[in-house]
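**Student:** Could you look at this predicted model? Sequence included:
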Amino acid sequence: MNILLVHAHPESRSLNGALKDFAVQRLQSAGHSVKVSDLYEMNWKAAVDAADTTQRLSTTRFDVAFESKHAFENGFQSEDIGREQEKLLWADAVILQFPLWWYSMPAILKGWIERVYAFGFAYGVGEHSDTHWGDRFGEGTLAGKRAMLMVTAGGWESHYGPRGINGPIDDILYPIQHGILFYPGFDVMPPFVVYRAGSTDESRFARIRDELGQRLDTLFSADPIAFRPQNKGDYDIPALTLRSDILPGQTGLSVHVSDRKSESRHLTE
Ligand code: FAD
């Protein structure tokens, strides 16, 4: 299988750098083809601006979404954007690897998303009707591919637990996993998170490597997170709210992950 690893750390001799090298080796030795987009090494331009298109639609006002659409549809995107889109189309699985910085991804990776996820490529795809609200959240250009986050965090696991002060890790990562990965169609694997990254020594690193190795070995066989597809009946359209008879009275991010067994039990009770 083809795997794209997008790596966002400024130092190759970091924990992230070591985990990236390990992941590439492990995947290659399992027979996969691996491409790495090492964003700092590539000197990736993070900010969206008018230089992203070689031929502007309007020279009076730079409208990000419409210039993106125009450039994507007509071959006017800057080359670096097109190259990364090609890698995404080539990949059967995509791994985004980064240290958690201010409860999110480093700016360089956010900028990779903002520029590579063009209008017509990652959003603005598909028709809108009373039963179908665009090809997104389970459908879209990247449907059929898998994605996984590989994240290191300074905080402890308990800090990110159900009552941890930072908020649950699933909630912290929801905008990335649901909003950035599931949105254009990826099946999203549970994240691989290294907590308390600063206290990593040789023996802990060996354990982390083993756990990561197992996760990589099952990248194509383990179950993805059961995010609810937008257009398969769970949501009222166009309100895009979860149907009132599903998990009645419950709110919060977790309602967008289905627990089919307990829901079918509930419906038959
Ligand atoms: P490094 O600093 O490179 O290494 C961590 C430890 O691993 C070191 O002790 C190092 O010696 C050891 N190590 C490295 N390589 C190896 C190896 N090959 N073998 C054995 N040991 C090794 N944390 C949060 O939880 N939430 C936040 O919101 C958050 N925001 C941050 C914002 C900023 C701007 C910064 C700088 C940090 C933030 N942190 C946060 C902490 C951050 O997540 C960690 O610093 C980061 O995840 C550590 O990853 P690293 O690759 O930089 O580790």
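**Tutor:** That came in fine, so what should we check first?
**Student:** which residues touch the residue nearest in space to the middle of the chain?
**Tutor:** Centroid-nearest residue in the chain: L181, 3.5 Å away (criterion: CA atoms, centre = their mean). Neighbour list for L181: L96, A147, V188 [criterion: CB atoms under 8 Å, 6 or more residues apart in numbering]. Heads up, the C-betas are built off the backbone N, CA and C, glycines and all.
**Student:** Tell me the one of those nearest the ligand?
**Tutor:** L96 (13.9 Å; CB to the nearest ligand atom).
**Student:** Tell me, how many residues neighbour that closest one?
**Tutor:** 24 (other CB atoms under 10 Å).
**Student:** One more: the one 10 residues further on?
**Tutor:** Counted with other CB under 10 Å, the neighbours of P106 add up to 20.
**Student:** again with the one 3 residues further on
**Tutor:** By the criterion of other CB under 10 Å, L109 has 25 neighbours.
**Student:** I would like the residues contacting stretch 37-44, please.
**Tutor:** With CB under 8 Å, 6+ apart, stretch 37-44 has contacts from 4-10, 12, 20, 80, 84, 87, 108-109, 111-112.
**Student:** swap the cut-off to 10 Å and go again
**Tutor:** 4-12, 17, 20, 36, 45-46, 80, 83-84, 87-88, 94, 96-98, 106, 108-109, 111-112, 115-116 (CB atoms under 10 Å, 6 or more residues apart in numbering).
**Student:** How about stretch 247-254?
**Tutor:** Counting by CB under 10 Å, 6+ apart, residues outside stretch 247-254 touching it are 167-168, 170-171, 174-175, 178, 234, 242, 255-256, 258-259, 262-263, 266.
**Student:** Which of those fall within strands?
**Tutor:** Assigned to strands by DSSP state E, the following of the contacts of stretch 247-254 qualify: L242.
**Student:** Next, give me the two most distant ones among the contacts of stretch 247-254.
**Tutor:** Greatest spatial distance in the contacts of stretch 247-254: P175 and H266, 28.4 Å, computed using CB to CB.
**Student:** A46 and D52 touch, don't they?
**Tutor:** No. A46 lies out of contact with D52 (CB atoms under 10 Å); the separation is 11.4 Å.
**Student:** Find residues that contact each of these two.
**Tutor:** Contacts common to A46 and D52, judged by CB under 10 Å, 6+ apart, are E114, R115.
**Student:** Of those two, which one has the most company?
**Tutor:** D52 (21 against 16).
**Student:** Could you list the contact residues of the stretch 151-269 of the chain toward the ligand?
**Tutor:** T152, A153, G154, G155, A197, G198, T200, D201, E202, F205 (CB under 6 Å from any ligand atom).
**Student:** can you do 5 Å?
**Tutor:** Contact residues, the stretch 151-269 of the chain versus the ligand (CB under 5 Å from any ligand atom): T152, A153, G154, G155, A197, T200, F205.
**Student:** Name the pair among those residues with the greatest separation in space.
**Tutor:** Most distant of these, by CB to CB, are G155 and F205, 18.5 Å apart.
**Student:** buried subset of the contacts of stretch 37-44?
**Tutor:** Burial by neighbour count, 16 or more other CB atoms under 10 Å: within these this picks out 4-9, 17, 20, 36, 45-46, 80, 84, 87-88, 94, 96-98, 106, 108-109, 111-112, 115-116.
**Student:** For the helix or strand containing S37, buried residues please.
**Tutor:** According to DSSP states H and E, S37 maps onto strand 33-38. Within strand 33-38, the residues scored as buried using 16+ other CB under 10 Å are V34, V36, S37, D38.
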